[in-house]
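>>> Let's see this in three dimensions:
(chains A and B)
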Amino acid sequence: MMQNKNIRNFSIIAHIDHGKSTLADRLIEYTGTLSKRQMEDQVLDNMDLERERGITIKAQTVRLDYKGKDGETYEMNLIDTPGHVDFTYEVSRSLAACEGALLVVDATQGVEAQTLANVYMALEHDLEIIPVINKVDLPSADPDRVRHEIEDSIGLDASDAILASAKTGLGVEEILDAIVERIPEPDGEENAPLQALIFDSYFDSYKGVIAHVRVMQGHIRKGMKLKMMATGKVFEVTDVGCFKPQPVDIGRLDTGEVGFVAGALKDVRDVRVGDTITTAERPAEKPLPGYRGVNPMVYCGLYPVDSSDYDNLKDALEKLQLNDAALVFEPETSVALGFGFRCGFLGLLHMDVIQERIEREYSLKIITTAPTVVYHVFKTNGDMVEVSNPAELPPQTEINHIEEPYVRATVIVPSDYVGAVMEISQEKRGEFKSMDYLDTNRVMITYHIPLNEIIFDYFDRLKSATRGYASLDYELADYKESKLVKLDILLNGDPVDALSTIVHKDRAVTRGRQLAAKLKEIIPQQMFEIPIQAAVGSKIIARENVRAHRKDVLAKCYGGDISRKRKLLEKQKEGKKRMKAVGSVEIPQEAFMAILKIE
Amino acid sequence: MSRWELYIHMPFGRQKCLYCDFASWAGRDDLMSAYVNAVKHDIETRAASLRREDGPAATIYIGGGTPTALPRDLLLTLVQSAIDTAGMPGEFTVEVNPGTADEETLRQLRQCGVNRLSFGVQSFNNRLLRVIGRIHTAEEAEKAIRMAEKSGFSNVSLDLMYGLPGQNLDDLKSSVNRALSLPVTHISIYGLQVEEGTPFYRMYEEGKLALPDDDVTEAMYDYMTEELPRRGFRRYEISNFARPGFESRHNLGYWQDVPYLGAGAAAHSYLDGKRTENRRDPADYIRAVEAGEPVCFSEEESSRDIAMEEFAFLALRTASGIDESRFTTKFGCSIDAVYGDVIAPLVRDGLLRRESGHIALTRRGAKYGNLIFEKFILSV
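Residues are numbered from 1 along each chain as shown, chains lettered A, B, ... in the order given. All right, here's what the predicted structure looks like:
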């Protein structure tokens, strides 16, 4: 059995592109956990999407064996955390499973908002933080500036920050030694009742749900009967072991160790991130702190373009849900789009990823409606209803008031762009909270701002106004009353429910005009004129017209070449596959997202 | 016995028009004699069984390119041999370029049994004719058509194009009126399509092709589709107008599921429900015929879906539209079983008309032909 004093559990905190994955690869390689060839075959063989987008969606865990300078062998567990604001809660659980973290900062870029948020979270969990300044081999590297920035912005002593280059391998050994020397060993009583923290899970078609766990106290052995404290699910351990990085069954996990547990668990919802596993016979008195249920922040409708694909879409969502407890969905019907699903996501990235996976992995063409937040609608009869679909907003006469979710948004930018950030944030109904200089050049600004506005191109606008320098982080703050109304769109005189949105009353007219104009651009000319109207209640606030197609006559046909004609028609029809016929009007997918695209 | 047609493609011309993407070659005159021999041989090989089982071809059509670019003797040999092999048809059309027509040729064609001429006039505006690369003038076209009448032709067609670079509505109106002042029985109208691989396409890409805008092109279309019927030319097919009784039977055959044999380079055939295309290059075609190799290739797998699609969208091009009972006879199910969901909304929106067992485009529907045909495609 590994002595606690020889165990080190750590994660890596870094901004996108600051070199987290490359560094992790180097550590795996250096410790001989995998050869370079195996690395390419296995480590990188994760979700295509993750690789393409340069982000981690699922946590990756790997055990490294490292012989320290003192001659002792150390068991190091690296818990790679999701790197996006959508997955803040998941990150917090991963951090809770560690004693330390590497803070990786790009020597050419400096600290970013997302990094900062995660460092603060790590500090809250009392993690020992080892600053690593990466990419020092680049000509534009400025390690001294970055060192000061770490000290100024985080208040962390960065005098012994490790200068590294994950690309060349510089500093890797130094990092491993620092992990041994500076990160504390885990504590916890081997003989106490079991408390194991679930920080991730995934579905394996042979073994069922595999829980990633950190044993805080007690131990797990094959054959033990265990219990999930939040869900109450009881199961028998069939496999228990560590990640190398593929799961290796070693029959046991002891106090302080990180690994996996499986036990014929069929439903990923029984294995919740943040839940505590204990033994069924001698349960711990209480669960580990910090558990939170799944709480989707963003909802949208998903509809098959071809209505006969409804069951296939349902099947795809069910399969994706096997591996994603945060994805929720229920059937929904739209007058315009027919039968589909209202789906809840942790955030916009999560939504994008699910959407793309449905299209790629299940080859389904889907229509996505614009994302919305969850509104609290207080009715005149005293009831409160949660509304995540604008079409379901009760009639204005039944509404007393509406509350919408606000977030605390943190933006970090070079000081030159402070004005731009403030302007956009005000315009987005943000309420200024604070402004701090991280160093002479970089400023951290916080705003209290409706989540709805964040969804609506806030970050895109920030980035374009700051030449890409702005970094953003946010967390749900509270619900606040707002003057909100439903903006309806009528095509050909008929309201299209899937195009309705909820907007601030003062913006309704502007938004309505912009949306109608945008739809005019997006909806192609058809065989008849299509009036587009924007309305609040029964009041029309904007009008546009899509003119009728001039004509479309396929005339020439020399020498009986019919196949060519048919191919032209096929191609023409193929081009319209992403369109949904609503009444007689064919609406392209982009139309349902138009509200996000208006300036 | 069932109806069939013969199409003969003549891929030669004095100069290829700038908009033309059809199989046509200038400067290959050396091949003409060998080519005509090859075509004769090809027809003899492939038409013999048709003739035996189905009797003479209902129609014969020699198109191009420019059939009249052939020396007179060669052309007459070809015509005679087609009749010898395929039988004397009820309608025998030869396409004529007004720039290569001479009275003697026309007279002899008529004597051989050709009873219909189709003149590729395109416009009666000399500036526009130069722009599109035609070798004749408006005056030559008028002269040629009068010559046809004198040579004994009472069934004469001409083609007009609209949407040409630099063309305006008045140009078009004057062309239509000059056409109507001539002894013609049939007019085809074609909107210019800028096809890939043509000189026009390159010019278009380079922004050097001043096409009339959509509004003007539409006004031209509207003018012709209103004016021609008013002047006695019924619109019996999407782009064809004829005095009563002078509809092109050959052309209608394409839309009415009539089998046809295509002889010559790049010609298409539709026999036994299968569509094939001949070798495109004339030299290659000649070589294949001489070597006894197959000249035609299947364009693709035929399927029931494809057959239904084509049956539907081709028939919709005609004024009488889809004959529902013919659909049922051919496919063994009602058209509603396949296209009910497509037809109903189009009828509701006034784009299709359904009456007395036929489904046809309305006047408004004709304008959006492609958009409607598209809905009859099952495979996408």
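>>> Show the subsequent helix or strand relative to the helix or strand bottoming out on mean pLDDT in chain B.
Within chain B, no helix or strand scores below strand B:25-26, which has a mean of 63 by mean pLDDT, DSSP states H and E. Next helix or strand after strand B:25-26 toward the C-terminus (DSSP states H and E): helix B:32-54.
>>> Averaged pLDDT, the helix or strand just after that following helix. What do you get?
Reading on from helix B:32-54 to the C-terminus, the next helix or strand found by DSSP H and E is strand B:59-64. The pLDDT scores in strand B:59-64 average 93.
>>> where in chain B is pLDDT low?
Residues of chain B that meet the criterion pLDDT under 70 lie in B:1, B:14, B:21-29, B:299-301.
>>> can I see the domain layout of chain B?
B:5-255, B:304-374 (automatic domain parsing).
>>> Could you identify which of those domains is most buried?
Burial of the domains of chain B is given as mean neighbour count (mean count of other CB atoms under 10 Å in any protein chain shown); domain B:5-255 ranks first at a mean of 19. C-betas here are computed from N, CA, C, even on glycine.
>>> B:Gly90 - nearest residue in space that isn't next to it in sequence?
Nearest residue to B:Gly90 in three dimensions, chain neighbours excluded: B:Ala58, at 5.9 Å (CB to CB, 6 or more residues apart in numbering or on different chains).
>>> I meant B:Leu361, not that one.
Distance criterion CB to CB, 6+ apart; nearest residue to B:Leu361, sequence neighbours excluded, is B:Leu316 at 5.8 Å.
>>> my read: that neighbour touches B:Ala366, true?
No - counting by CB atoms under 8 Å, B:Ala366 is not a contact partner of B:Leu316; they are 9.2 Å apart.
>>> which SS state does the spatially most central residue of chain B fall under?
For chain B, the residue sitting closest to the mean C-alpha position, by CA atoms, centre = their mean, is B:Asn251 at 6.2 Å. Classification of B:Asn251 using DSSP: H, G, I helix; E, B strand; the rest coil returns helix.
>>> Ramachandran angles for the closest residue to it other than its chain neighbours?
Once flanking residues are discounted, B:Asn251 sits nearest to B:Asn240: 6.2 Å by CB to CB, 6+ apart. Phi and psi for B:Asn240, reported as degrees, to the nearest 10, are phi -130, psi 140.
>>> Same question for B:Arg130.
phi -70, psi -40.
>>> which parts of the stretch 101-250 of chain B sit against chain A?
Contact residues (CB under 8 Å from any CB of the partner chain) of the stretch 101-250 of chain B with chain A: B:Ile189, B:Tyr190, B:Gly191, B:Gln193, B:Asp214, B:Asp215, B:Thr217, B:Glu218, B:Tyr221, B:Ile238, B:Ser239.
>>> Can you classify the first one by secondary structure?
The reference is to B:Ile189. Counting by three-state DSSP, the backbone at B:Ile189 sits in strand.
>>> how much space between it and A:Tyr206?
Separation of B:Ile189 from A:Tyr206 (CB to CB, to the nearest Å): 68 Å.
>>> Name all residues that make contact with residue 120.
With no chain named, the answer covers chain A. Applying CB atoms under 8 Å, 6 or more residues apart in numbering or on different chains to A:Tyr120 gives the contacts A:Ile154.
>>> Wait, chain B was what I had in mind.
With the criterion set at CB under 8 Å, 6+ apart, B:Gly120 makes contact with B:Thr66, B:Glu95, B:Val96, B:Asn97, B:Pro98, B:Arg134, B:Leu158, B:Asp159.
>>> from the residues you listed, which single one is nearest A:Leu476?
Of all the contacts of B:Gly120, A:Leu476 sits closest to B:Asp159, with 69.8 Å by CB to CB.
>>> The closest one contacts B:Phe124, correct?
No - applying CB under 8 Å as the test, B:Asp159 and B:Phe124 come out as separate, 11.8 Å apart.
>>> Now do the contacts for A:Leu519.
A:Ile489, A:Leu499, A:Ile532, A:Glu544, A:Ala591, A:Ala594.
>>> Which strand or helix spans it?
Taking DSSP H and E as the criterion, A:Leu519 maps to helix A:508-522.
>>> After that helix, which helix or strand is next?
strand A:530-536.
>>> Determine the angle, from 0 to 180 degrees, between whichever helix or strand comes after that next one and helix A:508-522.
Going down the chain from strand A:530-536, the next helix or strand is strand A:539-546, by DSSP H and E. Interaxial angle of strand A:539-546 relative to helix A:508-522 (axes from the mean of the first three to the mean of the last three CA atoms, to 10 degrees): 20 degrees.
>>> Pull out the buried positions in strand A:539-546.
Using 16 or more other CB atoms under 10 Å in any protein chain shown as the test for burial, strand A:539-546 gives A:Ile541, A:Ala542, A:Glu544, A:Val546.
>>> Show me what the second one is bridged to.
This means A:Ala542. Following DSSP bridges, A:Ala542 is listed with bridge partners A:Ala534.
>>> Could you find the two of the contacts of B:Gly120 that are most distant from each other?
Spatially, the most separated pair among the contacts of B:Gly120 is B:Thr66 and B:Leu158, at 14.8 Å (CB to CB).
>>> What would stretch A:20-27 look like as PDB? C-alpha coordinates only.
Extracted in PDB, the C-alpha atoms of stretch A:20-27 (Å, rounded to 0.1, in the frame of the first residue of the first chain):
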ATOM      1  CA  LYS A  20      -2.000  22.900 -20.300                       C
ATOM      2  CA  SER A  21      -2.500  19.800 -22.500                       C
ATOM      3  CA  THR A  22       1.100  19.900 -23.800                       C
ATOM      4  CA  LEU A  23       2.500  20.200 -20.300                       C
ATOM      5  CA  ALA A  24       0.300  17.300 -19.200                       C
ATOM      6  CA  ASP A  25       1.600  15.300 -22.100                       C
ATOM      7  CA  ARG A  26       5.200  16.100 -21.200                       C
ATOM      8  CA  LEU A  27       4.600  14.900 -17.600                       C
END
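>>> Averaged pLDDT, it. What do you get?
For stretch A:20-27, mean pLDDT rounds to 84.
>>> How far away from the center of its chain is that stretch?
Mean-position distance between stretch A:20-27 and its chain equals 21 Å (CA atoms, centre = their mean, to the nearest Å).
>>> where exactly do the strands run in the stretch 301-450 of chain A?
A:328-334, A:338-345, A:366-368, A:375-379, A:384-387, A:399-414, A:431-437, A:442-450 (DSSP state E, counting those that start in this stretch).
>>> Out of these, flag the one nearest B:Arg326.
So among the strands of the stretch 301-450 of chain A, strand A:338-345 is nearest, using CB to CB, at 34.6 Å.
>>> by contact count, what packs against the closest one?
Counting by 3 or more CB pairs under 8 Å, 6 or more residues apart in numbering or on different chains; DSSP states H and E, the packing neighbours recorded for strand A:338-345 are strand A:298-304, helix A:310-322, strand A:328-334, helix A:348-361.
>>> Any idea which of these gets closest to A:Asp494?
That would be strand A:328-334 among those, by CB to CB, at 12.7 Å.
>>> what comes up buried for the closest one?
For strand A:328-334, a neighbour-count test (16+ other CB under 10 Å) marks A:Val328, A:Phe329, A:Glu332, A:Ser334 as buried.
>>> next one: stretch A:501-520
Using 16+ other CB under 10 Å as the test for burial, stretch A:501-520 gives A:501-504, A:507-509, A:511-520.
>>> what's the offset of it from the middle of its chain?
That offset, for stretch A:501-520, works out to 28 Å (CA atoms, centre = their mean).
>>> Can you name the residues that contact B:Lys173?
By CB under 8 Å, 6+ apart, the residues touching B:Lys173 are B:Tyr223, B:Glu227.
>>> ok, 7 Å please
Going by CB atoms under 7 Å, 6 or more residues apart in numbering or on different chains, B:Lys173 touches B:Tyr223.
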